[in-house]
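build me a model from this:
(one chain, ligands or ions: 2)
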Amino acid sequence: MDTHLTTSPDEAAQYVREGRLAAFPTETVYGLGADAFQPSAVQSIFTAKGRPADNPLIVHLFARSQLRQVAAAVPPVAETLLNRFAPGPLTLILPRAEAVPGIVTAGLGTVGVRFPVHDCARAFLRACDTPVAAPSANRSGRPSPTHWTAVQEDLGGRIACILKGGRTEAGVESTVLDCTASPPTVLRPGAVSVEQLRAAVGAVDVADASETDAARSPGTKHRHYAPAASVRLVQSPAAAEPGSDAAYIGLEAPARPEAFRRCRVADDVEAYARDLFHFFRACDRADCSFIYAQVVAGEGLGRALNDRLQRAAAR
Ligand code: AMP
Ligand code: MG
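Ligands and ions are numbered 1, 2, ... in the order given. The predicted model follows:
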């Protein structure tokens, strides 16, 4: 299959309306979109990505009026969160409307919804004029794509279209919050921090990676975000072993940055998160065998960053 590259949201949306797949930029990472109400199109997302069928997809919307097409109810806490964080990088888990095909939600009684804030994503979703089911636009298990060239690397020839935008801004995915639980529970830490959620609605739980919680958010049990190189977590750069096949990324500089094949020292946690997946892919292209990654303080965006680092390091 030829993968059509375009900068036109309308052109990309045309593919989705025809039941085909289009990758598109958002403020978090690139998504791989299909019309949520065409089950065969949604099925092809799983095929293109090699995604396990038990991992549900997030439904992307551009207008609040679309909510009732996919959600059976919107609890008051979700209303408050939508008023505060939508559009933006927050995914809410809500009771699912009957009409949503089971393949979108992996058979769960709930549906994940999100309103991207990225201009190009919004223009695309508006032109699609239907709820768009979209996971990250990478082969399953690989680092999420933060540039259209990364989408092409993973899915070129396997999907109909890539809507080209620039680098994505957040670099980590949306926060997934279960609003059917009381108190609402973070199933995946992400670009909106737990602290921000608590400031908006009070009590918010954070699911741990135990068996029970994995069952609630099937996606989190799979290995994720991993480059081909093996990722080793370090508390400080002194623990990273330099070498011609080694790379380092962190907030603190190693003593001899030039002793690594690739070295990236980020100014702050935001820059670290934005660069992480991009760096992983650059290290793979440079044939690095090891990537040393410094863990950060687990507050704010640091919680999501550490989560991605741990999953990338899990073998
Ligand atoms: P991604 O594949 O990067 O788009 O990730 C989507 C994430 O949202 C995965 O961790 C899914 O498990 C999670 N998710 C989507 N829909 C639901 C749902 N209905 N219930 C729980 N988690 C969900
Ligand atoms: Mg993903």
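
what segments of the stretch 151-300 of the chain are helices?
In the stretch 151-300 of the chain, helices defined by DSSP state H, counting those that start in this stretch lie at 194-201, 211-216, 269-285, listed in chain order.

and the last one with ligand 1, contact?
No: no part of helix 269-285 sits near ligand 1 under the criterion CB under 6 Å from any ligand atom; the closest distance found is 11.4 Å. Backbone N, C-alpha and C define where each C-beta goes, glycine included.

alpha carbons of that helix, as PDB, please.
C-alpha atoms of helix 269-285 as PDB (Å, rounded to 0.1, in the frame of the first residue of the first chain):
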ATOM      1  CA  VAL A 269      11.500  17.500  33.100                       C
ATOM      2  CA  GLU A 270       9.300  19.000  30.300                       C
ATOM      3  CA  ALA A 271      12.200  19.000  27.800                       C
ATOM      4  CA  TYR A 272      13.200  15.500  28.900                       C
ATOM      5  CA  ALA A 273       9.700  14.200  28.300                       C
ATOM      6  CA  ARG A 274       9.400  16.000  25.000                       C
ATOM      7  CA  ASP A 275      12.700  14.500  23.800                       C
ATOM      8  CA  LEU A 276      12.600  11.000  25.200                       C
ATOM      9  CA  PHE A 277      10.900   9.000  22.400                       C
ATOM     10  CA  HIS A 278      12.700  11.100  19.800                       C
ATOM     11  CA  PHE A 279      16.000  10.200  21.500                       C
ATOM     12  CA  PHE A 280      15.200   6.500  21.700                       C
ATOM     13  CA  ARG A 281      14.600   6.400  18.000                       C
ATOM     14  CA  ALA A 282      17.700   8.400  17.200                       C
ATOM     15  CA  CYS A 283      19.700   5.900  19.400                       C
ATOM     16  CA  ASP A 284      18.300   3.000  17.400                       C
ATOM     17  CA  ARG A 285      19.200   4.600  14.100                       C
END
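
distance from the chain centre to that helix, please.
How far helix 269-285 lies from its chain's middle: 14 Å, per CA atoms, centre = their mean, to the nearest Å.

tell me what that helix is packed against?
With contacts taken as 3 or more CB pairs under 8 Å, 6 or more residues apart in numbering; DSSP states H and E, helix 269-285 sits against helix 148-155, strand 243-250, strand 260-265, strand 290-294, helix 301-313.

looking at that helix now, give me its mean pLDDT.
On average, the pLDDT along helix 269-285 is 95.

ok, residues contacting it?
With contacts defined as CB atoms under 8 Å, 6 or more residues apart in numbering, helix 269-285 is touched by 29, 143-147, 150, 153, 167-172, 225-229, 231, 247, 249-251, 261-262, 264, 266, 291, 293, 296-297, 300-302, 304-305, 308-309, 312.

what's the angle between it and strand 260-265?
160 degrees (axes from the mean of the first three to the mean of the last three CA atoms, to 10 degrees).

just the buried positions in stretch 294-302, please.
By 16 or more other CB atoms under 10 Å, the buried positions in stretch 294-302 come out as 294-296, 300-302.

kindly check the end-to-end length of that stretch for me.
11 Å (CA to CA, to the nearest Å).

so which of the helices and strands packed on helix 269-285 is the most packed in?
For those, the largest average neighbour count (mean count of other CB atoms under 10 Å) is found in strand 290-294, namely a mean of 23.

partner strands of that strand and their direction?
strand 230-234 (parallel), strand 243-250 (parallel) (DSSP bridges).

for the first one, give the mean pLDDT please.
Mean pLDDT, computed over strand 230-234, is 97.

widest-spaced pair of the buried residues of stretch 294-302?
Gln294 and Gly300 (16.2 Å; CB to CB).

pLDDT score assigned to Arg311?
pLDDT, Arg311: 89.

any stretches of the stretch 101-250 of the chain with poor pLDDT?
Across the stretch 101-250 of the chain, the ranges flagged by pLDDT under 70 are 209-223.

that older thread, as a markdown table, the helices and strands packed on helix 269-285 with distance to ligand 1 would be great.
Below are those laid out as a markdown table (distance: least, CB to the nearest ligand atom, whole Å):
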| stretch | distance to ligand 1 |
| --- | --- |
| helix 148-155 | 13 |
| strand 243-250 | 21 |
| strand 260-265 | 23 |
| strand 290-294 | 20 |
| helix 301-313 | 11 |
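
adding distance to Val77, write these out as a markdown table.
A markdown table is the format used below for the helices and strands packed on helix 269-285 (distance: least, CB to CB, whole Å):
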| stretch | distance to Val77 |
| --- | --- |
| helix 148-155 | 34 |
| strand 243-250 | 36 |
| strand 260-265 | 39 |
| strand 290-294 | 35 |
| helix 301-313 | 20 |
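
phi, psi for the closest residue to Phe124 other than its chain neighbours please.
Nearest residue to Phe124, sequence neighbours excluded (CB to CB, 6 or more residues apart in numbering): Pro9, at 4.0 Å. Dihedral angles of Pro9 (phi, psi; degrees, to the nearest 10) stand at phi -60, psi -40.

any idea how far the residue nearest to Ser136 when sequence neighbours are not counted is from ligand 1?
For Ser136, ignoring the flanking residues on the chain, the nearest one in space by CB to CB, 6+ apart is Ser144 at 4.2 Å. From Ser144 over to ligand 1 the distance is 6 Å, taken as CB to the nearest ligand atom, to the nearest Å.
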